[in-house]
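Visitor: sharing a model that was predicted from the sequence below.
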Amino acid sequence: MQLEIYQVIVPLISVVFVVSLLQRFWAGKVGWQESMVGAIFWVAVIFFAFFPDIISEKIAGLFGIKSNINAVIFLCLGLIFFFQYKLFLLIKQQQSALTALTRNLALKDHPKED
């Protein structure tokens, strides 16, 4: 098996991200759940860099798609749409909390008329 340039660069970059994530965890800037999800993601990227054909064939078989690259593209698009939806819900939640806070502060600062 001949190593391609991306099979060297991608794992190195992934290791840098995992180390950075662990440093942020030890500094208390991120929780253990975010650290675990991030570490799992970057380890999966490393495996995908070393074994692209095997993993893409498994993904294609899972979705019943004949082309490996199309299966990977559909999986990535699905993940992007899922995370975009989660971000949308988070933004809506923050907007509601900000609106409630603004209302409370406005009512607190407003003098009562007798």
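Guide: In hand now; what should we look at?
Visitor: contacting residues around the least confident helix or strand in the chain by mean pLDDT?
Guide: Using mean pLDDT, DSSP states H and E, helix 52-63 stands out as the lowest-scoring helix or strand of the chain, at a mean of 90. The contact list for helix 52-63 (CB atoms under 8 Å, 6 or more residues apart in numbering) reads 47-48, 66-72, 74-75. Quick note: C-beta positions are derived from backbone N, CA and C, even for glycine.
Visitor: repeat that for 7 Å
Guide: Contacts to helix 52-63, defined as CB atoms under 7 Å, 6 or more residues apart in numbering, come from residues 47-48, 66-69, 71-72, 74-75.
Visitor: just the C-alpha atoms of that helix, please, in PDB.
Guide: C-alpha atoms of helix 52-63 as PDB (Å, rounded to 0.1, in the frame of the first residue of the first chain):
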ATOM      1  CA  PRO A  52     -10.900   5.400   2.500                       C
ATOM      2  CA  ASP A  53     -12.000   2.600   0.300                       C
ATOM      3  CA  ILE A  54     -13.000   0.200   3.100                       C
ATOM      4  CA  ILE A  55     -15.000   2.900   5.000                       C
ATOM      5  CA  SER A  56     -16.700   4.400   1.900                       C
ATOM      6  CA  GLU A  57     -17.700   0.900   0.800                       C
ATOM      7  CA  LYS A  58     -19.300   0.200   4.200                       C
ATOM      8  CA  ILE A  59     -21.100   3.600   4.000                       C
ATOM      9  CA  ALA A  60     -22.300   2.800   0.500                       C
ATOM     10  CA  GLY A  61     -23.500  -0.600   1.500                       C
ATOM     11  CA  LEU A  62     -25.300   0.900   4.500                       C
ATOM     12  CA  PHE A  63     -27.300   3.300   2.400                       C
END
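Visitor: burial of Ser20, as a residue count?
Guide: Neighbourhood size, Ser20 [other CB atoms under 10 Å]: 12.
Visitor: thank you kindly, that will do.
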